[in-house]
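*Asks:* coords below, sequence missing:
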């Protein structure tokens, strides 16, 4: 078995400096589409992603029981607007898809300003932003608009028109399996149901797609990663639940996982632990962020958030954490039109991708070894491991890393655990282990 | 099984605002009695308590072996004084029972001031207070007085008279069993051997009695608590040892316990952990005090103090903590006449009772559940648990509490553990569990 | 079994105030000898120690395989110098043995200043000190000198002469076994391979020798310690490896161990934990240093340092820590001629010895007991343990210590663990246990 994925290699392949621009361009391409938990917006999004990676598209009919839920009716919109008495479209879905409340039922009516008022949603504290609202499981309709526009509405009569359908159809999700050397899987999951919002979650979608693209390229190049990777692009909650329902008996192969979301804003990177809290992904993420020398946050699991709620439900309890920058609800642009193409920046997207790769690199390279010369220190000199003495790494020297690996490799400590005990970077420890394994001083357990 | 005791209900029943005054009145009623580890003072005290709760009174004969000890001779006093040469009672047991050293042997003698001097005890640092002294296991006699009075004694001859008896009799203790829904017991224990001292321990006696009174009322009203409650009113050390000796084979039913003492002073509430340190009572008390928003202290177990010394001896190792306000020896009035009716206040007594009830409420309501829909989140909406979303509690909302309960209810985490992990109040978590159980999403383990 | 070693006794025997002077005198006696990992310097050193304690001297032939290593050729030096063009010895081994790089091969050559230059080692930052350099496993030669002397070398021709031998011979180490009451052993180990350096490691050698001397005296006096003591005086790394190779099947008797080094400088005492980190020696050292009221440091294990590297290699994983003052490389005099007779002081040597004795005292006296009267407190009064009440120790009173021992002696907690939980000095707890054992309230497990 080769050493698997190497961050350094991937960064070279990816030209990480350019990755930020590529990710932002992908986001811009997907931005105008009106997505919801079902409907053509998700299909169109997945079709665009399919130009890059061979996603399997799954359509699950409305009414299908999925765990405790049922796949809902499919929602599509042709047009939606509110016209004033002069026939002007004062609220227009075609101008911004946030203007229409998600899952709004069809409407064709005339009404006074007073009758319209309870159907309108705006943000007095952020008067220029349109809020994002949906009503998935209760028939309802409404319009969202900036508070400034709302205040300009006169008291005349309004024509309200929502040309939507809410009918039996299907829920759509995409999935990609990239086979590695082992059948053990790493799950990556991004929700694909939010309309014109960039950070939430075109950022997660685009980072996940670029990762899938490059891992696929490695496989094609005959250099598969150690783990197999499974990428899920599904609507939040009911989409993840549908995927879990259809894969209930295969999730046992998932060794590690991450929900990817909110990866483009300027906040420090944030890792939210899995329910179990001390799995390898939790420790790998804490190690990488903790040693990055950059601001970061490690957040305990809570049963609120995105699809980690489903993956970490007690019946599955998968080792799935979540990688994001500023968490949901903690930035004012969250779920508003302020979460736009200016709010996400190439450099933050690139940084998120680099951190993600570094975490995966730890998982790919982590292993447990047995020191084959465990009594006393082996004589490194006669094995040509002297040169290593001079090769100082940035957090100690290679000799120190070798001594730690030899001392701790009793078959009970993984390289990541050794790195944590030594207070050294995982990479230094993993490099030392590789040198020692080549010198036949270590055997993989 | 119903949800058991509810703090809110009890507080209503108890009219907690009035409870303080009632507790203080009870203390005032018991204050003048001269108690010791045996004798009529304890009998009289228990007889007064029996007007409120149907205590069983136990008399254990002097000489009875009890664990490593033997029940001592019974001590009673008719009168005791020191008269000066003018025949004036300069020290008079009838004026304050602290004037006589506990367990003083009978004396009738004349002596000089110099001969009297080594028999006198006073507190130079607190010249107005009479100290409390006893000599239980070595024949001795003495008088206690304020330092100011001592300094006024002239050098004439004194008549010393102690009309006490120290004879075979019995040790007296009281016990009350309030049957709950389960045979599992909660033990409450207060020592009843101190003479005219209010905080130590008329405060513990009166709080314990009022609790017993109301729990008995609940049982009579057909609403028994979940646990059975056992109340012990016994002399310190040898009394608790006697009770343990007579109940050696039944203590296995005790699931939780508290020694109640020093509950009326103005210091912050203090919980002293059981020997094991992490039992349910330890965690319940820490949760309640920690979330009270008020000053408090959690103290580790030590083998010094009151009868937790006996309950927590290694041969029993019962899960018994101790609830008090300012700990023994940490307030200057401790074991002096300064521990009087002014030193204990209705509001502090009421606060102690409220904290005690809140701790018991956690024990009563704590339970471990199994999520019956553990794969993915159950759909709360179609079960009418939507309304809950709006019902914000003071530390989060009901939805969040429900998500935590569902996520953690894998049969391994109690509600108290869930509350601690969620960083929410136990009550919010317990209420959420109740709603979910009603919706048949949870089953009790 | 008697109570074993007692610090108080030993301090009296040792007249600790005088011990510092004796230790320093021993260091001064050994200072001039040129030691290396083999050769006559080690032999001469061990011969001097043998005047005090009956060391067994072991000679292991060059070429003997020892674990992963091979015993190297033996190195000896008759003379070594560099003469300038005027025939003056500008660098002279006979003036200071640090001038010659350890294990320098024989040389007789004339060369220019430029040719000589790469063979010279000096310390620009400490221009008056001669550095200490060796080249054990690669043939090489060189001279060390103060930077000031180096700068005074002129550009003329030099005569270089190293009259050394590097031939098959043997590696020498010394060992002493002091039999105690039990076959369980405490290992003490000091490296003996450094030339004229005082702290590293004449300080460790002399402290270890004085300890051996007094323990031997105790045995002769018919008062053997509880443990047997094994003292190893061996060259660093390959010496310890040789000892381990020859004792591979006996190390199982080692219950505790310490590497002794760097015990004479003015820095605070420092304990470096064993690989396991929580063995009895780790806890005993932490307790003694933590309660000393003096500055100290507890350092986690790392696989760098002295022979703890070998004892704590995973194939042995012995409970061996290391006692030192300022750690290796953390004082500027380290491995230079600045580590001289002025750098180590009698008072620091005496303090190191006292701390060592205190740690051993804990190990000697630590034990686990069973309370024979575990139900309730035993009545101390009728057993004459009342007097103890008045005997206040410096961190509480004897009664408190007795209560802790009784409460915790359920066969699961050692006296050291009880001392830690009680927050009391080990000595108080051990004294209390002794009184209780005499009163037949405790039995040793």
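*Replies:* Done, it's in. A quick note: this is a predicted structure, and the numbers were derived from the prediction, not measured. Residues are numbered from 1 along each chain as shown, chains lettered A, B, ... in the order given.
*Asks:* Next one: the closest residue to residue A:159 other than its chain neighbours from chain C, what distance?
*Replies:* Of all residues not flanking residue A:159 in the chain, residue A:83 sits nearest, at 4.3 Å (CB to CB, 6 or more residues apart in numbering or on different chains). For every residue, glycine as well, the C-beta is placed using N, CA and C. As defined by CB to the nearest CB, to the nearest Å, residue A:83 lies at a distance of 73 Å from chain C.
*Asks:* what's near enough to touch residue A:83?
*Replies:* By CB atoms under 8 Å, 6 or more residues apart in numbering or on different chains, the contact list for residue A:83 reads A:89, A:90, A:158, A:159, A:161.
*Asks:* which residues does the last one bridge with?
*Replies:* In this structure, residue A:161 has the following beta-bridge partners (DSSP bridges): residue A:81, residue A:108.
*Asks:* which residues touch it?
*Replies:* A:79, A:80, A:81, A:82, A:83, A:107, A:108.
*Asks:* Check the residue in chain A positioned nearest to chain B and give its pLDDT.
*Replies:* Chain A approaches chain B most closely through residue A:315 (3.2 Å), counting by CB to the nearest CB. At residue A:315, the model reports a pLDDT of 97.
*Asks:* Kindly report the residues of chain A close to chain C.
*Replies:* Residues of chain A found near chain C (CB under 8 Å from any CB of the partner chain) are A:371, A:373-379, A:381-382, A:400, A:403-404, A:406-410, A:422.
*Asks:* Among the residues you listed, name the buried ones.
*Replies:* Among those, those classed as buried by 16 or more other CB atoms under 10 Å in any protein chain shown are A:371, A:373-379, A:400, A:403-404, A:406-410, A:422.
*Asks:* can you pull the buried residues of stretch A:416-434?
*Replies:* By neighbour count on 16+ other CB under 10 Å, the buried set for stretch A:416-434 is A:416-422, A:424-434.
*Asks:* For residue A:382, what are phi and psi?
*Replies:* The phi/psi pair for residue A:382 (degrees, to the nearest 10) reads phi -70, psi 0.
*Asks:* so which helix or strand takes in the nearest residue to residue A:66 once chain neighbours are set aside?
*Replies:* Leaving aside its chain neighbours, residue A:66 sits nearest to residue A:245 (3.9 Å; criterion: CB to CB, 6+ apart). If you go by DSSP states H and E, residue A:245 is part of helix A:238-246.
*Asks:* Check residue A:388 and give its pLDDT.
*Replies:* The per-residue confidence score, pLDDT, reads 42 for residue A:388.
*Asks:* And for residue A:4?
*Replies:* Each residue has a pLDDT score; the one for residue A:4 is 52.
*Asks:* Any idea how many residues pack against residue A:233?
*Replies:* Residue A:233: 30 surrounding residues under other CB atoms under 10 Å in any protein chain shown.
*Asks:* swap in residue A:355?
*Replies:* Count around residue A:355 with other CB under 10 Å applied: 21.
*Asks:* How is it classified with respect to secondary structure?
*Replies:* Here residue A:355 is recorded as helix under DSSP: H, G, I helix; E, B strand; the rest coil.
*Asks:* Could you report the distance from it to residue A:362?
*Replies:* Using CB to CB, to the nearest Å, we find residue A:355 at a distance of 11 Å from residue A:362.
*Asks:* what residues are shared contacts of the two?
*Replies:* Residues touching both residue A:355 and residue A:362 (CB under 8 Å, 6+ apart): residue A:288.
*Asks:* returning to that earlier point: now go through the residues of chain A next to chain C and say which are in helices.
*Replies:* By the criterion of DSSP state H, membership of the residues of chain A next to chain C in helices covers A:400, A:403, A:404, A:406, A:407, A:408, A:422.
*Asks:* Pick out the lowest-pLDDT one from those residues.
*Replies:* The member of those with the lowest pLDDT is residue A:400, at 93.
*Asks:* neighbours of the spatially closest residue to it that is not a sequence neighbour, just the number please.
*Replies:* Distances taken as CB to CB, 6+ apart place residue C:304 nearest to residue A:400, at 6.3 Å, with adjacent residues excluded. Residue C:304 has 15 neighbours, counted by other CB under 10 Å.
*Asks:* same check, this time on residue A:50
*Replies:* Neighbours of residue A:50 under the rule other CB under 10 Å: 15.
*Asks:* these two touch, right, it and residue A:44?
*Replies:* No: contact criterion CB atoms under 8 Å: residue A:50 and residue A:44 do not qualify, at 10.6 Å.
*Asks:* can you list residues touching both of those two?
*Replies:* Applying CB under 8 Å, 6+ apart, one finds that no residue jointly contacts residue A:50 and residue A:44.
*Asks:* Might one say that residue A:212 is in contact with residue A:229?
*Replies:* Yes: contact criterion CB under 8 Å: residue A:212 and residue A:229 qualify, at 7.3 Å.
*Asks:* intersection of neighbour lists for these two?
*Replies:* Between them, residue A:212 and residue A:229 share these contacting residues under CB under 8 Å, 6+ apart: A:178, A:188.
*Asks:* okay, now the domains of chain A?
*Replies:* A:7-71+A:170-365, A:76-167, A:368-444 (automatic domain parsing).
*Asks:* The shortest one spans what distance, first to last residue?
*Replies:* Yep, that's domain A:368-444 we're talking about. Criterion CA to CA, to the nearest Å; first-to-last residue distance in domain A:368-444 is 6 Å.
*Asks:* Report the distance from that domain to the chain centre.
*Replies:* Centroid displacement of domain A:368-444 relative to its chain, using CA atoms, centre = their mean, to the nearest Å, is 34 Å.
*Asks:* Repeat that for stretch A:320-334.
*Replies:* Using CA atoms, centre = their mean, the offset of stretch A:320-334 from its chain centre is 11 Å.
*Asks:* For that stretch, buried residues please.
*Replies:* Buried residues in stretch A:320-334 (16+ other CB under 10 Å): A:320, A:321, A:322, A:323, A:324, A:325, A:326, A:327, A:328, A:331, A:333, A:334.
*Asks:* hey, where'd the helices end up in chain A?
*Replies:* Ranges of helices in chain A, per DSSP H, are A:7-14, A:16-30, A:40-50, A:113-116, A:147-152, A:204-220, A:238-246, A:280-290, A:308-311, A:346-365, A:387-390, A:398-408, A:415-422, A:426-438.
*Asks:* From what I see, residue A:399 and residue A:380 are in contact.
*Replies:* Yes: counting by CB under 8 Å, residue A:380 is a contact partner of residue A:399 at 7.4 Å.
*Asks:* Of the two, which one has the most company?
*Replies:* Neighbour count, other CB under 10 Å: between residue A:399 and residue A:380, residue A:380 has more, with 21 against 18.
*Asks:* mind checking how far that one is from residue C:138?
*Replies:* 13 Å.
*Asks:* just residue A:284 next, same as before
*Replies:* In terms of CB to CB, residue A:284 sits 40 Å off from residue C:138.
*Asks:* more neighbours, the two?
*Replies:* Comparing residue A:284 with residue C:138 by other CB under 10 Å, the one with more neighbours is residue A:284, at 24 against 8.
*Asks:* OK, contacts around that one?
*Replies:* Neighbours of residue A:284 in contact, by CB under 8 Å, 6+ apart: A:256, A:359, A:362, A:363, A:366, A:416, A:426.
*Asks:* excluding its backbone neighbours, what's nearest it?
*Replies:* Counting by CB to CB, 6+ apart, the residue nearest residue A:284 is residue A:362, at 4.0 Å.
*Asks:* is it true that the one you found touches residue A:287?
*Replies:* Yes: look at residue A:362 against residue A:287 with CB under 8 Å: they come within range, at 6.3 Å.
*Asks:* any common contacting residues for these two?
*Replies:* The contact sets of residue A:362 and residue A:287 overlap at A:416, A:426 (CB under 8 Å, 6+ apart).
*Asks:* which of the two has more neighbours?
*Replies:* Using other CB under 10 Å, the more surrounded residue of residue A:362 and residue A:287 is residue A:362, with 26 against 20.
*Asks:* Cheers, nothing more for now.
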